[in-house]
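Peer 1: structure for this input, please:
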Amino acid sequence: MNLDDLETRAREILPRGVYDYYAGGAGDESTVASNRAAWRQVRFRPRVLADVADIDPSVELLGVRLPSPVAVAPTAFHRLAHPEGERATARGAGGRLLIASSLSTVAIEEVVAAASGPVWLQLYVFRDRALSEALVRRAEAAGCTGLCLTVDVPVAGNRERDHRNGFRLPDDVEMANFTGLAQADMPGGAGSGLVHYISSQFDPSLDWSAVSWLRGVTDLPLILKGIQHPDDGRRAVDSGADAVVVSNHGGRQLDGAEATARILPDVVAAVEGRLPVLVDGGLRRGVDVARALALGARAVLVGRPVLWGLATGGADGVAAVLGGLDEGFVRTLALLGSRRARDLGPEALAPLPRPV
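Peer 2: This next block holds a predicted model:
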């Protein structure tokens, strides 16, 4: 499956504003483009005559054996792509790790019920800490096995496509995790109050004490998503995080942020194996998954391609996207002369080119 072709099909199906919301980035969208381009610059040095008749693509993450290093990244508002929304995404994910957005259009309880693999809840530490804590309690009760804290949104990025389109949620689509918690405070309801509500809850004054606060609220594993500097990787270790995700929010926050493929090796080196490192941003083929693992990632997160699969085929479309990435990854392992995903390392790579 060629994911660029699939995106073209999704663009033909989705309303313009919805497609642009999913596909768009901040400013000139230079980071969106560089995320993808950087993976292609990572080159291999394969081994031969290595007996690759029996490939094991599984990885272990926080004590759980996953059938694949490919996991579903947190993305918002899946019912804009398909009537079943996040339920269909959860079914399509199969036994893979799914990170459900706190801005889901299906309640976290229903997402976990539909999933056959582990589910983490992505969340923010909002200005109203009680709101964040209420989401944590719902995640714990629903059976989530991790909390993925997004740390790169002190303010919203400049997403010009959304401004141009006047993007807003339609009246029949709600942020289901906030039902009974916050929607009464949204001017005009869940649809028209979206931008005002989210803007009012992001807190530019947040610092590392917010991580300490959340660590004190729950015993669930805590994953910090949005790490882009090795010093922040070290601070994540010191803060008690259980894992980090190298991420620039898919290019949707700071335009001009470095591509994640280039950031990844420095963060991996900084944490010195004290916690697992995941990565997202621009991965579109199984060969990119192998590149990420060889650079030190334990697993990868895929966002936009899952939405294209959801839009074009519901749960089956999601399964086809993820299955295609798995198939390409297994083929790449064989061609590299590596039998196990967990054995991939920098010895499989040619020197990584640096920016001129």
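Peer 1: check which helix or strand covers the nearest residue to Ile13 once chain neighbours are set aside.
Peer 2: Once flanking residues are discounted, Ile13 sits nearest to Ala311: 5.5 Å by CB to CB, 6 or more residues apart in numbering. C-beta coordinates here come from the backbone N, C-alpha and C atoms, glycine included. Assessed by DSSP states H and E, Ala311 sits inside helix 304-336.
Peer 1: identify the residues contacting the nearest residue to Trp308 once chain neighbours are set aside.
Peer 2: Once flanking residues are discounted, Trp308 sits nearest to Ala10: 4.0 Å by CB to CB, 6+ apart. The contact partners of Ala10, taken as CB atoms under 8 Å, 6 or more residues apart in numbering, are 19, 81, 307-308, 311-312.
Peer 1: regarding Ala10, what is its secondary structure?
Peer 2: helix (DSSP: H, G, I helix; E, B strand; the rest coil).
Peer 1: in the protein, what secondary structure element scores lowest on mean pLDDT?
Peer 2: Across the helices and strands of the chain, the lowest-confidence element by mean pLDDT, DSSP states H and E is helix 189-192, at a mean of 48.
Peer 1: how long is stretch 292-305 end to end?
Peer 2: Using CA to CA, to the nearest Å, the end-to-end distance of stretch 292-305 comes to 17 Å.
Peer 1: right, and Ala115 touches Ala93 too?
Peer 2: Yes - assessed by CB atoms under 8 Å, Ala115 is found in contact with Ala93 at 6.3 Å.
Peer 1: before we move on, back to that, thinking the residue nearest to Ile13 is in contact with Pro83, fair?
Peer 2: No - here Ala311 does not reach Pro83: they are 11.1 Å apart, not a contact under CB under 8 Å.
Peer 1: and these two? Which one has more around it.
Peer 2: A direct count of neighbours by other CB atoms under 10 Å for Ala311 and Pro83 places Ala311 higher, at 25 against 10.
Peer 1: what residue in this structure is the furthest from its centre?
Peer 2: Distance from the centre of the chain peaks at Leu49, with 35.8 Å (CA atoms, centre = their mean).
Peer 1: Gly337: neighbour count?
Peer 2: 15.
Peer 1: can I assume it is in contact with Ala50?
Peer 2: Yes - assessed by CB under 8 Å, Gly337 is found in contact with Ala50 at 3.4 Å.
Peer 1: distance check, the residue nearest to Ile13 against Arg284.
Peer 2: Using CB to CB, to the nearest Å, Ala311 is found at 16 Å from Arg284.
Peer 1: before we move on, what about Leu275?
Peer 2: Counting by CB to CB, the gap from Leu275 to Arg284 is 27 Å.
Peer 1: go on, Ser212?
Peer 2: 37 Å.
Peer 1: please apply the same query to Thr105.
Peer 2: With CB to CB as the criterion, Thr105 and Arg284 are 25 Å apart.
Peer 1: helices along the stretch 101-250 of the chain, start to end?
Peer 2: 108-114, 129-142, 160-165, 189-192, 194-201, 209-217, 230-239 (DSSP state H, counting those that start in this stretch).
Peer 1: of all the ones you listed, which one comes closest to Ser30?
Peer 2: helix 160-165 (12.6 Å; CB to CB).
Peer 1: what does that closest one contact?
Peer 2: 16-17, 20-21, 23-24, 26-27, 167.
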